[in-house]
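1. sequence plus the predicted model coming up.
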Amino acid sequence: MTDKETKILVNNIFDTIKASNDQTDLRTVLDQYEIPSKNRMDPEKYPELAFAITGNEIQALKANGFIDKEMNLTTGISENLNDPLTKLLYATMWKNGDLKKVKHIIQGVLDGVNVNNNKDSALVFYHFGKYLTKLPGQPIIDQHVIRAYAVYQAETEKEIKSLRSLNTLNKSHRSLIRDYKKWIISDELSESLKNNENYTYEIDKILFAAGKTIKVRS
């Protein structure tokens, strides 16, 4: 796929999203543009999250000694886990070396709708925490989604060529993330679509697959 063809595909996908009236319309987009199945989110690997996490729940965890002042899980937390599912999930995080990553999700939950454009690292986890609040204007953020949005905004083939190689989100992408979050609740999307609960999840699935499809790998 050339850079010119990439721009046409992405623009068409965004135009179709903007013309959608409900989640049923959104669910036809990937088939309409023949996005390969291998680039789509696997619903068994990434099923829709049917819960929200509130700042009050995080504060309760802190009060009970599960989270320390730096927002990390406390080192002795495993001694106080009783539920077998919680034990399994904690053990999986421990084995994968992911315990320290939870801090960034916690910070995102606590910030909620507050605008924090000074976050320098772990942006994907931080904004995932914001998404978990299920508050308006907090979509899932990852490299594929932002790659697709950035190409949609790009005006030159030189920009597109560079964006197709985007790998990891860092502080240089904060303005893109901010603009994408504004777009997801903007008047460019129909009011009937925005009235659908969790419509951003369906858009995320589309842009994840589109962004992955247009990625250039070295």
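-> Yep, it's here.
2. so where's this structure shaky on pLDDT?
-> 113, 115-117, 218 (pLDDT under 70).
3. report the separation between the residue nearest to the spatial centre of the chain and Tyr131.
-> In the chain, the centroid-proximal residue (CA atoms, centre = their mean) is Ile140; its distance is 1.9 Å. As judged by CB to CB, to the nearest Å, Ile140 and Tyr131 stand 5 Å apart. Using the backbone N, CA and C atoms, a C-beta is placed for each residue, glycine as well.
4. follow-up on the earlier one: contacting residues for the residue nearest to the centre of the chain?
-> Contact partners of Ile140, counting by CB atoms under 8 Å, 6 or more residues apart in numbering, are His127, Phe128, Tyr131, Thr200, Tyr201, Asp204.
5. what about those residues, which are in helices?
-> Those of the contacts of Ile140 mapping onto helices are His127, Phe128, Tyr131, Thr200, Tyr201, Asp204, per DSSP state H.
6. pretty sure the fourth one is touching Leu135, no?
-> No: at 10.7 Å, Thr200 does not count as touching Leu135 under the criterion of CB atoms under 8 Å.
7. the two: who's more crowded?
-> Thr200 (21 against 12; other CB atoms under 10 Å).
8. find the nearest non-adjacent residue to the more buried one, please.
-> Among residues not flanking Thr200 along the chain, Pro139 sits closest, at 4.0 Å (CB to CB, 6 or more residues apart in numbering).
9. quick check, the one you found in a strand?
-> No: looking at Pro139 with DSSP: H, G, I helix; E, B strand; the rest coil, it is coil, so not inside a strand.
10. so it touches Ile184, yeah?
-> Yes: the pair Pro139 / Ile184 is scored as a contact, 5.2 Å apart, by CB under 8 Å.
11. can you check which residues contact both of these two?
-> In contact with both Pro139 and Ile184: Thr200, Ile203, using CB under 8 Å, 6+ apart.
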